[in-house]
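Colleague: The following comprises the amino acid sequence and a computationally predicted model.
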Amino acid sequence: MAKNEISHTGRIKEMTPEFTVVEIISSSACSACHAKGMCGVADEKVKEIQVPTDPYATWKEGDQVRVMLRQTMGLKAVWISYVVPLLILMILILTLSAVGLHEVYTGLISICAVAVYYLVIYLLRDRLAKDFVFYLKEK
C-alpha cells in the first residue's frame with residue numbers, strides 16, 4: 001500500500017456490470033482489546049461501498065479485497081463534511097453576536113445556515129460522487 005492511499009479490507013458481496021458492492025467492517029480503535037466483550041465501548045459497524053466494476057478483474061462474490069481511496073480524497077471529504085460547516089457556524093455566531101443580535105436568533109440562523117449547507121451538499125451528491133472514486137486491489 002502506498003503512503004498516499006487509504007485502504008480497508010472487505011468482502012465482495014455483489015457484482016454487477018456497473019458496480020461491485022464491497023462489505024467492510026469499520027471498527028473502533030479499541031475493538032482489538034481483550035476486554036471488549038465486557039466493556040461495551042468497542043464498536044463495529046458493517047458498511048457497504050459501491051465500487052465501479054473493473055471488467056478485467058477476476059474477483060468473484062465472497063473474495064477478500066482491499067478498498068482503496070487516495071488520501072487527498074479523504075482529506076477533501078473531511079473538509080467538506082466537518083471543517084467548512086464548522087467555519088460557517090463559527091463565523092455566523094461571532095458576526096451576529098458582534099452585531100448585537102439576540103442569542104436565540106444568532107443560534108437559529110447559524111444552525112439554519114449549516115442545514116442549508118448540508119442540503120446543498122446533498123443536492124450535489126452526484127457531482128461529488130464522481131470525485132470520490134474507490135478502487136479495489138487484491139488483499
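Modeller: Great, that's in hand. Numbers count the residues shown, from 1 in each chain.

Colleague: got any ranges where this protein has weak pLDDT?
Modeller: 1-3, 27-43 (pLDDT under 70).

Colleague: Walking through the chain, point out its helices one by one.
Modeller: With DSSP state H as the criterion, the chain has helices at 36-39, 71-78, 84-99, 103-123, 125-131.

Colleague: Select, out of the ones you listed, the one closest to residue 21.
Modeller: The closest approach between residue 21 and any of the helices of the chain, judged by CB to CB, belongs to helix 125-131 at 14.9 Å. (Glycine included, C-beta is placed from N, CA and C.)

Colleague: Name the nearest residue to the most centrally placed residue in the chain, ignoring sequence neighbours.
Modeller: The centroid of the chain falls nearest to residue 77 when counting by CA atoms, centre = their mean (6.6 Å). Once flanking residues are discounted, residue 77 sits nearest to residue 132: 6.7 Å by CB to CB, 6 or more residues apart in numbering.

Colleague: Touching, residue 11 and residue 66? I think so.
Modeller: No - checked against CB atoms under 8 Å, the pair residue 11 and residue 66 is beyond contact range at 11.0 Å.

Colleague: Please go through the protein and pick out the longest strand.
Modeller: With secondary structure taken from DSSP state E, the chain has its longest strand at strand 5-15.

Colleague: and it, which strands flank it?
Modeller: Using DSSP bridges, the neighbouring strands of strand 5-15 in the sheet come out as strand 19-27 (antiparallel), strand 64-70 (antiparallel).

Colleague: Mind putting those into TSV with distance to residue 84?
Modeller: Converted to TSV, the strands paired with strand 5-15 look like this (distance: least, CB to CB, whole Å):
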stretch	distance to residue 84
strand 19-27	23
strand 64-70	20
